[in-house]
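Trainee: Need a 3D model of the sequence below.
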Amino acid sequence: QVQLVESGGGLVQAGGSLRLSCAASGRTFSRYSMGWFRQAPGKEREFVAAISWSGSTYDADSVKGRFTVSRDNAKNTVYLQMNSLKPEDTAVYHCAAVGSALPGRRWLSYEYWGQGTQVTVSS
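Mentor: Prediction:
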C-alpha cells in the first residue's frame with residue numbers, strides 16, 4: 001500500500017514557475033515508477049510526465065522543454081518542476097505510483113493516486 005500526498009500548487013501568472021511535490025508513504029518507494037497526470041474541468045485526465053524507478057524520464061509533448069520530473073528516493077518524494085507556465089496548464093495535478101520498472105502514459109496503468117493539487121495559470 002502506498003499513500004501519496006501532493007503539494008505546491010497555486011496561482012501563478014503566465015510565464016511563471018511552480019514546483020509540485022508528491023510525498024509517498026512506505027519503505028519501498030524506490031521500487032515504484034511515478035507519474036504525473038492532470039485534469040482540467042470538462043477534460044479527460046492527461047499524462048504529463050513520469051519517472052521510472054531507475055530515473056528514466058518521460059514527458060508529454062505539450063510540456064516538453066518546460067516541465068521536469070525528478071525523484072529523491074531518500075525522501076520518498078517525486079517532484080514536478082514547471083517553468084514557462086501557460087494558461088492551458090491550468091488543471092488539478094495528480095501524482096500516481098505503479099509497482100513496475102517502467103511507467104506508462106495511460107492512467108489506468110497506475111495503482112495508487114494522490115488527491116491532487118490545483119494549479120491555476122492566469123494570462
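
Trainee: could you measure the residue minimising distance to the centre of the chain against Trp107, distance?
Mentor: Against the mean C-alpha coordinate of the chain, by Cα atoms, centre = their mean, the closest residue is Trp36 at 2.5 Å. Separation of Trp36 from Trp107 (Cβ to Cβ, to the nearest Å) stands at 11 Å. The C-beta positions use only the backbone N, C-alpha and C, and glycine is treated the same way.

Trainee: all strands for the protein, in order.
Mentor: Residue ranges of the strands in the chain, as given by DSSP state E, are 4-7, 10-13, 18-24, 33-39, 46-51, 57-59, 67-72, 77-82, 91-98, 112-113, 117-122.

Trainee: Next, format those strands as TSV and append mean pLDDT.
Mentor: TSV is the format used below for these (pLDDT from 0 to 100):
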stretch	mean pLDDT
strand 4-7	98
strand 10-13	98
strand 18-24	98
strand 33-39	98
strand 46-51	98
strand 57-59	96
strand 67-72	98
strand 77-82	98
strand 91-98	97
strand 112-113	96
strand 117-122	98
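
Trainee: about what we covered before: now for the residue nearest to the centre of the chain: which residues touch it?
Mentor: By Cβ atoms under 8 Å, 6 or more residues apart in numbering, the contact list for Trp36 reads Leu20, Cys22, Val48, Ala49, Ala50, Val69, Val78, Leu80, Tyr93, His94, Cys95, Ala96.

Trainee: which residues sit in contact with the residue nearest to the fourth one when sequence neighbours are not counted?
Mentor: Take Ala49 and drop its neighbours on the chain: the residue closest to it by Cβ to Cβ, 6 or more residues apart in numbering is Val69, 4.0 Å away. Listed by Cβ under 8 Å, 6+ apart, the contact partners of Val69 are Met34, Trp36, Ala49, Ala50, Ile51, Thr57, Asp59, Val78, Tyr79, Leu80, Gln81.

Trainee: swap in Val92?
Mentor: Arg38, Gln39, Ala40, Gly116, Thr117, Gln118, Val119.

Trainee: What separation is there between Ala91 and Asn76?
Mentor: According to Cβ to Cβ, Ala91 stands 24 Å off from Asn76.

Trainee: So which of these two has more stuff around it?
Mentor: Ala91 (22 against 19; other Cβ atoms under 10 Å).

Trainee: Good, wrapping up.
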